[in-house]
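Enquirer: A structural model of the following input is requested.
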Amino acid sequence: MTKKIIMMMGFLILASCGNESVDGSPDEAYRTINIEGEDFQVPNEPERIVTDFYAGELLTVEANVVGAGPIAFDNPFLEEELEGVEDIGDPPNVEKILELDPDLIVVMYDENLEQLEEIAPTVQIPYNTATNVEDMTEMFGDIVGAEEEAQAFLNDYHDRAKEAREEIEGLVPADATFGLYEITNDNELYVFGKNFGRGGQALYNALNLEAPEIIEEEVMEEEDVLMLSQEVVPEYAADYMFLTSYDPQNQHQAKDQLEGSSVWEGLDAVQNDRYRLNDYDTFYPYDPISVYHQIDLFVDIIKEMEKEG
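Expert: Modelled structure (predicted):
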């Protein structure tokens, strides 16, 4: 019998026992948390955590992440924190996770979910369960029993947001509008709201900047993302515009075509040097650590725009 099979049998036995001691009473090392109406049993003090998507959220509350999905390693804000952390693959590689010996698994997606639940207590958090830094930080603080660390981060975050708003006060006209857009390698153009990454939480929540009314009504109050035809871009244009280019092959032909179009070149933001191309990997993530740093990036960009203008 191989070592891996023996290890798997051991985890299956533990899973079948649930989180109860030999006499049937609840194990005091575990507690129940509730997320979106669903109860999960989690260790009081998890020491080794694996996640497919939530590395940044867990690191925000100083949890010990030992394995993460590949998307985390594209995030420039997590580079130092992820030193020594293993890439578990996409979808998660069950054997790899088993070798990491986690005592808690936190996932967004349901690939291999049943197998993961046999390895360690597993919490599944669907996309968009929490839609702002505050709710996200508090939720993950609760999951790993790090409420103090969560509050400490939020205190720092709110202080930085307040300072940032003061830094751009007077630089930006009171009625100025801001928009977030993305062009894909398939030549699809999108506009984003507050909670779909691309810097939305930093721009609209932390800095309290405004989107054009049409984006607030047709994007933010609906799915928070909307596909546009390039012909209608002027209707959704803002005074300040930020574009990301999603292109895994790093060719960006669709981006070049868009920027060279008469529609794009005719936008007020482009003509007044209030348009910037933002790096996709830098502005895609929306975990609290990333949002914190995106605040500073937007402040620097706005200052640069106004200095040059």
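Enquirer: just say helix, strand or coil for residue 106.
Expert: strand (DSSP: H, G, I helix; E, B strand; the rest coil).
Enquirer: quick check, pLDDT for residue 11.
Expert: We have a pLDDT of 45 for residue 11.
Enquirer: next: residue 27.
Expert: Predicted confidence (pLDDT) for residue 27: 62.
Enquirer: which non-adjacent residue is nearest residue 53?
Expert: Closest residue to residue 53 apart from its sequence neighbours, by CB to CB, 6 or more residues apart in numbering: residue 108 at 4.1 Å. C-betas here are computed from N, CA, C, even on glycine.
Enquirer: can you check residue 134 too?
Expert: Using CB to CB, 6+ apart and skipping residues adjacent in sequence, the residue nearest residue 134 is residue 154, 6.2 Å away.
Enquirer: helices and strands around whichever helix or strand the one you found is part of, which ones?
Expert: Counting by DSSP states H and E, the element that carries residue 154 is helix 147-168. Secondary-structure packing of helix 147-168 (3 or more CB pairs under 8 Å, 6 or more residues apart in numbering; DSSP states H and E): helix 133-143, helix 288-308.
Enquirer: what residues does it touch?
Expert: Identification of contacts with helix 147-168 by CB atoms under 8 Å, 6 or more residues apart in numbering yields 60-62, 133-134, 137-138, 140-142, 206-208, 288, 291-292, 295-296, 298-299, 302-303.
Enquirer: let me know the helix or strand that residue 102 is in.
Expert: Following DSSP H and E, there is no helix or strand that holds residue 102.
Enquirer: which SS state does the residue nearest to it when sequence neighbours are not counted fall under?
Expert: Nearest residue to residue 102, sequence neighbours excluded (CB to CB, 6+ apart): residue 50, at 4.3 Å. Taken by three-state DSSP, the conformation at residue 50 corresponds to strand.
Enquirer: residue contacts, residue 50?
Expert: 65-68, 88, 92, 97, 100, 102, 104-106, 120 are the contacts of residue 50 under CB under 8 Å, 6+ apart.
Enquirer: now swap in residue 60 and tell me
Expert: 136, 137, 140, 150, 153, 287, 288, 289.
Enquirer: and the gap between the first one and residue 233?
Expert: Just to be clear, that refers to residue 136. Distance, residue 136 to residue 233, by CB to CB, to the nearest Å: 31 Å.
Enquirer: just to revisit the earlier point, in ChimeraX, select just the buried ones from the contacts of helix 147-168.
Expert: Typed into ChimeraX, the line below selects the buried ones among the contacts of helix 147-168, using 16 or more other CB atoms under 10 Å:
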select :60,61,133,137,138,140,141,142,206,207,288,291,292,295,298,299,302
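Enquirer: just to revisit the earlier point, between the helices and strands packed on helix 147-168, which one is nearest to residue 191?
Expert: Closest of the helices and strands packed on helix 147-168 to residue 191 is helix 288-308, at 17.1 Å (criterion: CB to CB).
Enquirer: can you give me the angle that closest one makes with helix 133-143?
Expert: 160 degrees (axes from the mean of the first three to the mean of the last three CA atoms, to 10 degrees).
Enquirer: can you give me the angle helix 288-308 makes with helix 147-168?
Expert: Between helix 288-308 and helix 147-168, the angle formed by their directions is 10 degrees, by the same axes, to 10 degrees.
Enquirer: tell me which other helices or strands helix 288-308 touches.
Expert: Checking 3+ CB pairs under 8 Å, 6+ apart, helix 288-308 ends up next to helix 55-60, helix 133-143, helix 147-168, strand 240-246, helix 280-283.
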